[in-house]
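# Got a sequence here, can you model it:
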Amino acid sequence: MKAVSFDVWSTLMSIDVFYRAVAEALAEATGRDPGEVFNRVKRAYSAVKSARRAGLVNESRVVQSSTEIFLEALGIASKYELYWAVARAVNAVDARALPLDGAAEALQELSSQGYALAVTSNVIFWPGYLTRVLLDKAGLGRFFRVQVYADEVGTLKPSVKPFQEVLQALGASPSEAVHVGDSPQEDLAGALNAGMGAVLLDWGREKALLDARLRVAVVGSLGEVPSAVAALLQA
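Here you go, the predicted structure:
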């Protein structure tokens, strides 16, 4: 079985759209300006990403550990206010604005070509099951046979474990699978370490790159993903 795995945030859905909804809820909870809170949220998100790269996130309790780092960098809310804001954002976000350009079309094309589709995604300060809800609200969840999130397997990409979990669930071997994502560290390196092919989504890139020997492609849009996947799995 040929399989294609996808990262979610900044690959299929806009993290900024969701974070703006979180910021609006936090602004309501704290009495602050939504624009100021949004900027704080983005800085706190960057702090968690930096901590993750430095190995400072406790992967066995990834949501709690990431939340602690996020809140310290945010500096304006308690964990309970943040939990409420995330819940409010999941309910209030404009689901039509979540999918990135070409997301539904790329998934539909791959699905119609017979690929088994999956999600392999990290988490920040909300559990994976809420991302499942958001994918469904955005009309994308229906394409996936399985979704695996870091908090459910107790480790973060680029560890091979989330990728292996997806492959096992799909009944696919690494040689017949490709992962698509926007992070060179988490998605590209993680997929290659797991023996899969990898498509790096470098938004806006003008010229696609393909190395069949390394089983790596770099593309500038989701519209280019189906042809890159086909080339890597035929190599």
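# quick check: longest helix of this structure.
Longest helix in the chain, counting residues (DSSP state H): helix 34-53.
# mind listing what's buried in that one?
Buried residues in helix 34-53, defined by neighbour count with 16 or more other Cβ atoms under 10 Å: 37, 38, 40, 41, 44, 45, 47, 48, 49, 51, 52. Using the backbone N, CA and C atoms, a C-beta is placed for each residue, glycine as well.
# Arrange these in JSON lines, one row each, with pLDDT and distance to residue 200 as further columns.
Listed next are the buried residues of helix 34-53 as JSON lines, based on pLDDT from 0 to 100; distance: Cβ to Cβ, whole Å:
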{"residue": "37", "pLDDT": "98", "distance to residue 200": "32"}
{"residue": "38", "pLDDT": "98", "distance to residue 200": "28"}
{"residue": "40", "pLDDT": "98", "distance to residue 200": "29"}
{"residue": "41", "pLDDT": "98", "distance to residue 200": "26"}
{"residue": "44", "pLDDT": "98", "distance to residue 200": "26"}
{"residue": "45", "pLDDT": "96", "distance to residue 200": "21"}
{"residue": "47", "pLDDT": "97", "distance to residue 200": "24"}
{"residue": "48", "pLDDT": "97", "distance to residue 200": "21"}
{"residue": "49", "pLDDT": "94", "distance to residue 200": "17"}
{"residue": "51", "pLDDT": "96", "distance to residue 200": "23"}
{"residue": "52", "pLDDT": "94", "distance to residue 200": "18"}
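# Name the nearest of these relative to residue 162.
residue 52 (13.6 Å; Cβ to Cβ).
# residues contacting that closest one?
Counting by Cβ atoms under 8 Å, 6 or more residues apart in numbering, residue 52 touches 66, 122, 156.
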